[in-house]
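[1] what follows is a protein structure lacking sequence information:
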């Protein structure tokens, strides 16, 4: 697409994570170099402030997410769009429609499975025809999970000559703050579910993001209460991002043709430790999560939740981002009795510092994926990029992928 004005446009550059992404791109590719990139959003003055504060001395494009004509013009101007505008269910649909029509590659940070499903159903055929390659969930939702499973399966095949039929991801440790944008997306899902029973059923389906005709399968494990974990041997609690990550992984499996077996099982949970302390911690985490979701879903307490959570545009300080990290463990089992444990780590807080680096590498990686190998349509991080993105993340984004047992 050398005839287009830009190689990459960051849409939503004035958002909290958009600003971090701009700083990251300045570090990675500079300005005025081989990668022609620009920033876009609805306020010129705010975009100019971001350009000045981040060092992103690049062109500025004014475009409102609700303006379909502006989204079409934006999509036609660039080879790739990286969007940080959420909640995506509220603000993201016109841009996805535009890139699907224009044949423009696209990646974002959504963790909203109901919106991903709606976009797939609405635009898959058009994206295939135009050549647009669309990849949702290119941040902590869901790159470490999706590529962690990809890496684990690759290592299982190399060691045992067979795929894992069961993998469980466990969050061993993580440190990082939440931003207003992430909380807003979570609360928007709560609001949608309250008014739509069919949506509740969709969100409960682990195969909800699989291609049409592959949206059912065997029962999947799902940690919703404190439980002693057979995979790790310790106590575990529910992991708030599991509802998105597990569906992305199952879409990857389906897009690959389900090579890991029709009975492949995958789940995610948080490790809370062994013995009585682990059991108590598991109960506390489960109770806190349940209490938050209950308070957010009923009118008498929703106002308090809205008052206490950060506003969109707010998030952890640069110092907190640098001090953050995550350590994920994946426990894999093969039908023949093979066992292995892999590890995925990140060197900054998962939701913002590390997420911005992951999104930057995904956006830049499109240029290295042969269109004759991966054509238009809705892909996952693993099926779009695979080992290419793992190599990029290890080299440039502070992630590691290792076998530890």
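    Perfect, thanks for sending it. No experiment lies behind these values; they were computed from the predicted model shown.

[2] do you have the helices of the stretch 1-150 of the chain handy? List them.
    Ranges of helices in the stretch 1-150 of the chain, per DSSP state H, counting those that start in this stretch, are 16-29, 44-54, 68-76, 88-91, 93-102, 113-130, 143-160.

[3] so for residue 166, which of those helices sits nearest?
    With distances scored as Cβ to Cβ, the stretch of the helices of the stretch 1-150 of the chain nearest to residue 166 is helix 143-160 (10.7 Å). No exception for glycine: its C-beta is placed from N, CA and C like everyone else's.

[4] so what touches that closest one?
    The contact list for helix 143-160, computed with Cβ atoms under 8 Å, 6 or more residues apart in numbering, reads 137, 162-164, 167, 169, 241, 245-246, 248-249, 252, 260, 266, 268, 326, 328, 330, 332, 334, 336, 338, 340, 342, 344, 346, 350, 358, 362, 380-382, 386-387, 389-390, 393, 399, 401, 403.

[5] which ones among the residues you listed are found in strands?
    Those of the contacts of helix 143-160 mapping onto strands are 167, 169, 266, 268, 326, 328, 330, 332, 340, 342, 344, 346, 399, 401, 403, per DSSP state E.

[6] quick one: which of these is nearest residue 77?
    In terms of Cβ to Cβ, no member of those lies closer to residue 77 than residue 399, at 31.0 Å.

[7] residues touching stretch 62-72, excluding its own?
    Judged by Cβ under 8 Å, 6+ apart, the contacts made with stretch 62-72 from elsewhere in the structure are 11-12, 40-44, 47, 73-74, 85, 91-92, 94-95, 97-98, 101-102.

[8] do the same with stretch 205-216
    With contacts defined as Cβ under 8 Å, 6+ apart, stretch 205-216 is touched by 113, 116-117, 120-121, 124, 202, 217, 220, 222, 246-248, 250-251, 254-255, 258.

[9] try 6 Å
    Counting by Cβ atoms under 6 Å, 6 or more residues apart in numbering, the neighbours of stretch 205-216 from elsewhere in the structure are 113, 116, 117, 202, 217, 220, 246, 247, 250, 251, 254.

[10] name the residues of stretch 156-167 that come out as buried.
    Along stretch 156-167, these residues count as buried under the neighbour rule (16 or more other Cβ atoms under 10 Å): 156, 157, 160, 162, 163, 164, 165, 166, 167.

[11] now do the same for residue 307: its pLDDT.
    For residue 307, the pLDDT comes out at 68.

[12] weed out the non-buried ones from the contacts of helix 143-160.
    By the neighbour-count criterion of 16+ other Cβ under 10 Å, the contacts of helix 143-160 include these buried positions: 137, 162-164, 167, 169, 241, 245-246, 248-249, 252, 260, 266, 268, 326, 328, 330, 332, 334, 338, 340, 342, 344, 346, 350, 358, 362, 380-382, 386, 389-390, 393, 399, 401, 403.

[13] check residue 298 and give its pLDDT.
    pLDDT, the model's per-residue confidence, is 73 for residue 298.

[14] going forward, count from 805.
    Okay, residue one is now 805; in that scheme the one you just asked about reads as residue 1102.

[15] what is the burial count for it?
    Residues near residue 1102, counting by other Cβ atoms under 10 Å, number 12.

[16] ok, residue 867 next?
    22.

[17] and for residue 885, the neighbour number?
    Using other Cβ under 10 Å, residue 885 has 29 neighbouring residues.

[18] list the contacts of it.
    With contacts defined as Cβ under 6 Å, 6+ apart, the neighbours of residue 885 are 813, 815, 903, 910.

[19] closest to residue 1099 among those residues?
    Closest approach to residue 1099 among the contacts of residue 885 (Cβ to Cβ): residue 815, at 32.7 Å.

[20] which strand residues bridge the closest one?
    Residue 815 has the following beta-bridge partners by DSSP bridges: residue 844, residue 887.

[21] now stretch 1058-1073: buried residues?
    Within stretch 1058-1073, the residues that qualify as buried are 1058, 1059, 1064, 1065, 1068, 1069, 1070, 1071, 1072, 1073, counting by 16+ other Cβ under 10 Å.

[22] relative to residue 934, which of the contacts of residue 885 is nearest.
    Scanning the contacts of residue 885 for proximity to residue 934, where the rule is Cβ to Cβ, the winner is residue 903, at 8.6 Å.

[23] where's the closest one relative to residue 1017, distance?
    In this structure, residue 903 and residue 1017 are 25 Å apart, going by Cβ to Cβ, to the nearest Å.

[24] report all helices and strands that the helix ranked longest in the chain contacts.
    With secondary structure taken from DSSP state H, the chain has its longest helix at helix 1079-1101. Using 3 or more Cβ pairs under 6 Å, 6 or more residues apart in numbering; DSSP states H and E, the elements in contact with helix 1079-1101 are helix 984-998, strand 1039-1041, strand 1069-1077, helix 1103-1112.

[25] let me know which of those is tucked in deepest.
    strand 1039-1041 (a mean of 27; mean count of other Cβ atoms under 10 Å).

[26] that one pairs with which strands, and in what direction?
    Strand partners for strand 1039-1041, identified by DSSP bridges, are recorded as strand 1031-1032 (antiparallel), strand 1069-1077 (antiparallel).
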